[in-house]
Structures are given as structure tokens and as C-alpha cells.
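Novice: Task: produce atomic coordinates for the following.
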Amino acid sequence: MNKQKFIFLGGIFDDEKTLKQIQQNSKGNIQYAADNFQKALLRGFHYYINDNDFELVNLPFIGGFPFNYEKPLFSYVSNGKKNVINNLMFYKNISREKFAFKRLKDILQKNDKSNFTIFVYSMHSPFLNAVSRLKMSFPSRSIQIVLIIPDLPEYMNLGKARGAIFRKLKDIDTKNVYKQLRYIDFFVTLTNEMAKKIKAKTYVVVEGINNCDKLSKNYENNSKSNNILYTGTIDAKYGVLNLANAFLHLDTEFKLIIYGAGDSREELSRISEESSSIEYRGLVSHERIVEEQRKAKFLINPRNQNEEYTKYSFPSKIMEYMVSGTPVITSKLLGIPEEYFPYLLTIDASNEEQLSSTLKNILDQDYSILQRVGDSAREFVMQNKNFKVQVKKILEMINYDFN
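Specialist: Below you'll find the model as predicted:
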């Protein structure tokens, strides 16, 4: 019987030097959420799978040169090897596909007596093209592909104003991504609606993964600021401008603090200058964000629950928010499973008036009671959504032998 081996094809920031380089050269949001999700997945895979049977093929997710990254070549070290990727816009995907295919091919050829399961992170066309080519290049080999889908391609970059050429290329790329799904054997989706959208036959829903083991000293001893905090992409599509405008109507001692980058940056900067109750603080490190989340009185996610894309999305910030132990305020999005809502404070974000009114109702409540909701939220995620529990679901789907 041939030995079973595993490969993870994804894009993580796997050392401090690489992360620092990306932080210095990126023009906009950095893929911290994707990095955190993948590292939690990897931790789970390494918990169950022997390290000798597991390999990582890593191409960190970064923006393209010159619009979203400062340099045309991206150099990094992974698995002790130096890699160089051509990061020129409109060519980067070709470069990434070639790199991924070559690394995957080398692993298969060095292990010609083994069967392979390849976990692919995201509907990223270079990755899907690479594994499709691999299957066609080795028709006699046992290769099963597990696609982990954090976002559907047509709903990515929702808030960004793009030209006609970009939109046309994006449409072509999206059609190609869906075409490659015929080579996928198993799917991991964030919601059931996502699985229906891609017509997945064999799938498991893993909406998020907690990669935190225990309460930190900071969490236990923090003195809370009087802040309501929003962190993440600040595109208008995600409701952040509606939140700022709704907050202006409140007569409250709370301050709204916003971190992130996106298409609402200029408008939020203007509002921040004109209002003493709202502060837009731009981009900071993820470590700083985590610290601020623990210090705040509330964390907020103001997406409009009536938007179509929310059926196919579980906001990564919800999991991160809940882990902080700070009470989480969110609209009741269709992509959030019902089991979460006893641990969340819900608002109506369908318009500014409703958002302002329902937010006021929460802020007027006894905070000690709401803090207990935040504590329960953290406990719920720690116990039920940790890396062991969530990754086990994936391995059970592919009939992994845990013995």
C-alpha cells in the first residue's frame, strides 16, 4: 500500500524578515486575516499529521507592482530555500503558477511511490491552474485536491474603483477559476451558501479557526478605554462610512476608533478632522490591532445584512474580535451561523438611521452585563472553534486515518 503524503499550497508570512519586508513595501491592506487563518490550519494539520508526511509550498499573498507593492521582484525564504517571484502587475499570476507547479512537481517526483492530498488555500487562479496541470501531468498518480475557500472571486475587492481593463481581466480570471473547480475533489467553505454557489458535492463548513491557546496577561489585567473599535478594510461596501455617519448622530461619551486601509480613507480622514468623537488612525501592525481590541469597550462590524455577498462570507474579524473577550457588536449577517448569536450584540445596519438607533440601545445597557457576553464569546470560540476541532472536520471529510 502506497504511503499517504500531504502538501499545503498557500501564502503565509512565515518569518519576521518576510513580514517586515511586506509591511514596508505594501500600498494598502496586508493579508493578515489570510495569514492567521492559514497558520491556524497548518497548526491543526501538524497536530494530526506526521511532519515527515507533510510539506508546505508557500507563495505569500502580496499586492502587485507598481500599484499595490513597491518592488517588481519579491524575494523571500521558505523551508530554508530562497525564492524570487516576478511581482509585476499582470505577470505575477503567471510567475506564481510556474513556481507552484514546479515545486509541486518536484515533490511528486521525489516521492514517486506515495499518494498525495494537496490542500489549496483560496480560489487563487495560479494555485488552481498549478494543481490542475499537476493532475493532468500525472494521470496515473493518486492525487486528491482539497480546496479551502475563504472568499468567492466575484466578491473580492468589492469596494475598489477599477478601470474597464481591470474589470475585464477580473471577469476572465473568475471564469477560469470556476472552470478549474472540476479538478477539485473536496471543498472547505465558510458557509453553506458558498458551497451551494460553487455546486460542491463533498464539502465541510469551517467558518473560521481560533489559533489562540489561553488568556494573555494583557487580557486579564486591561483597563478598558471608552472606545468602540473598528479594524480591517475600510471600503464603503463594508459599512464603515455608514457607521461613521451614524455615530455622528449619537450623543455619547464613547469614541469611535477606526484602523485600516481602503477606499473610504479620505472621507474618514475628513470626518476624523471635523469630529472629536471619531478618530481614523490608518494602518498599524497586527500586534497593535490585537492590543487595541483588548483595550476597547466594544468591537464593531457594521456590514449591511441585506448585501448579497454576506451569504457567502464569514467575516474573519468576528472570530478575532470574539477571541479578545471584548463585547462584539455586529449586524446579523447571513454568513454567521446561528450558534454564534448568543455571544454577539446585534444591530441593524441596513441604513444610518437604524444603525444609529440600534447601536444606541446597546450603549445604554449595563456594561458589566455586556462584558459577560464578551467573556462567554471568548470561551465559546476557544472551546468549539480551535485548530484541533476545526481541522479535524476537514480530515474527517477526506477519511483520514487518525490511528
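
Novice: per-residue confidence at residue 118?
Specialist: As predicted, residue 118 sits at a pLDDT of 98.

Novice: mind checking the SS state of it?
Specialist: What DSSP: H, G, I helix; E, B strand; the rest coil gives for residue 118 is strand.

Novice: With adjacent residues omitted, what lies nearest to it?
Specialist: residue 7 (4.6 Å; Cβ to Cβ, 6 or more residues apart in numbering). No exception for glycine: its C-beta is placed from N, CA and C like everyone else's.

Novice: How about residue 188?
Specialist: In this structure, residue 188 finds its nearest non-sequential neighbour in residue 148, 4.3 Å apart by Cβ to Cβ, 6+ apart.

Novice: who touches that neighbour in this structure?
Specialist: Residue 148 makes contact with 41, 119, 120, 121, 122, 188, 206, 394 under the criterion Cβ atoms under 8 Å, 6 or more residues apart in numbering.

Novice: Based on its surroundings, how many neighbours for residue 112?
Specialist: 9 (other Cβ atoms under 10 Å).

Novice: How about the secondary structure of it?
Specialist: Assignment for residue 112 (three-state DSSP): coil.

Novice: swap in residue 7?
Specialist: Put simply, residue 7 is strand when judged by three-state DSSP.

Novice: Show me what it bridges to in the sheet.
Specialist: residue 55, residue 118 (DSSP bridges).

Novice: wait, doesn't it sit right on residue 106?
Specialist: No: contact criterion Cβ atoms under 8 Å: residue 7 and residue 106 do not qualify, at 10.9 Å.

Novice: Please say which of the two ends up with more neighbours.
Specialist: residue 7 (24 against 11).

Novice: list the contacts for the more buried one?
Specialist: Counted by Cβ under 8 Å, 6+ apart, residue 7 has contacts 54, 55, 56, 57, 104, 107, 116, 117, 118, 119.

Novice: In a markdown table: those, plus distance to residue 318 and neighbour count.
Specialist: Shown next, in a markdown table, are the contacts of residue 7 (distance: Cβ to Cβ, whole Å; neighbours: other Cβ atoms under 10 Å):
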| residue | distance to residue 318 | neighbour count |
| --- | --- | --- |
| 54 | 29 | 17 |
| 55 | 31 | 20 |
| 56 | 27 | 19 |
| 57 | 29 | 23 |
| 104 | 33 | 24 |
| 107 | 35 | 17 |
| 116 | 34 | 22 |
| 117 | 29 | 22 |
| 118 | 29 | 25 |
| 119 | 23 | 24 |
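
Novice: secondary structure class for residue 256?
Specialist: Going by three-state DSSP: residue 256 is strand.

Novice: What is the burial count for it?
Specialist: 26.

Novice: before we move on, the earlier item: looking at this, the residue nearest to residue 188 is in a strand?
Specialist: Yes: the assignment for residue 148 is a strand, going by three-state DSSP.

Novice: Is it correct that residue 237 falls within a helix?
Specialist: Yes: Residue 237 sits within a helix when classified using three-state DSSP.

Novice: my read: it touches residue 307, true?
Specialist: Yes: here residue 237 reaches residue 307: they are 7.5 Å apart, a contact under Cβ under 8 Å.

Novice: So what's the gap between stretch 250-259 and the chain middle?
Specialist: Centroid displacement of stretch 250-259 relative to its chain, using Cα atoms, centre = their mean, to the nearest Å, is 26 Å.

Novice: How about that stretch, which residues are buried there?
Specialist: By 16 or more other Cβ atoms under 10 Å, the buried positions in stretch 250-259 come out as 250, 254, 255, 256, 257, 258, 259.

Novice: pLDDT at the nearest residue to residue 290 once chain neighbours are set aside, what is it?
Specialist: Leaving aside its chain neighbours, residue 290 sits nearest to residue 324 (7.2 Å; criterion: Cβ to Cβ, 6+ apart). Per-residue confidence at residue 324 stands at 95 (pLDDT).

Novice: what do you get for residue 23?
Specialist: For residue 23, the model assigns a pLDDT of 94.

Novice: mind checking the SS state of it?
Specialist: Going by three-state DSSP: residue 23 is helix.

Novice: I'd like the contacts of residue 7 laid out as a markdown table, including distance to residue 339.
Specialist: Converted to a markdown table, those look like this (distance: Cβ to Cβ, whole Å):
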| residue | distance to residue 339 |
| --- | --- |
| 54 | 31 |
| 55 | 35 |
| 56 | 32 |
| 57 | 34 |
| 104 | 37 |
| 107 | 38 |
| 116 | 34 |
| 117 | 29 |
| 118 | 31 |
| 119 | 25 |
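
Novice: Looking at those residues, spot the one nearest residue 156.
Specialist: Of all those, residue 119 has the smallest distance to residue 156: 20.1 Å, by Cβ to Cβ.

Novice: Surely residue 114 touches residue 2?
Specialist: Yes: assessed by Cβ under 8 Å, residue 114 is found in contact with residue 2 at 5.7 Å.

Novice: of the two, who's got more company?
Specialist: Counted by other Cβ under 10 Å, residue 114 and residue 2 do not tie: residue 114 has more neighbours, with 16 against 12.

Novice: Please name the bridge partners of that one.
Specialist: Beta bridges link residue 114 to residue 3, judged by DSSP bridges.

Novice: can you pull the contacts of it?
Specialist: By Cβ under 8 Å, 6+ apart, the residues touching residue 114 are 2, 3, 4, 5.

Novice: try 6 Å this time
Specialist: 2, 3, 5 (Cβ atoms under 6 Å, 6 or more residues apart in numbering).

Novice: Kindly report the same for residue 105.
Specialist: By Cβ under 6 Å, 6+ apart, the contact list for residue 105 is empty.

Novice: now swap in residue 389 and tell me
Specialist: Taking Cβ under 6 Å, 6+ apart as the definition, residue 389 has no contacts.

Novice: Determine the three-state secondary structure at it.
Specialist: helix.

Novice: how much space between it and residue 48?
Specialist: Per Cβ to Cβ, to the nearest Å, residue 389 is found 12 Å from residue 48.

Novice: Specify which member of the buried residues of stretch 250-259 is nearest to residue 95.
Specialist: Here the nearest of the buried residues of stretch 250-259 to residue 95, counting by Cβ to Cβ, is residue 259; it sits at 31.8 Å.

Novice: who's in contact with that closest one?
Specialist: Shown in contact with residue 259 (Cβ under 6 Å, 6+ apart): 231, 281, 284.
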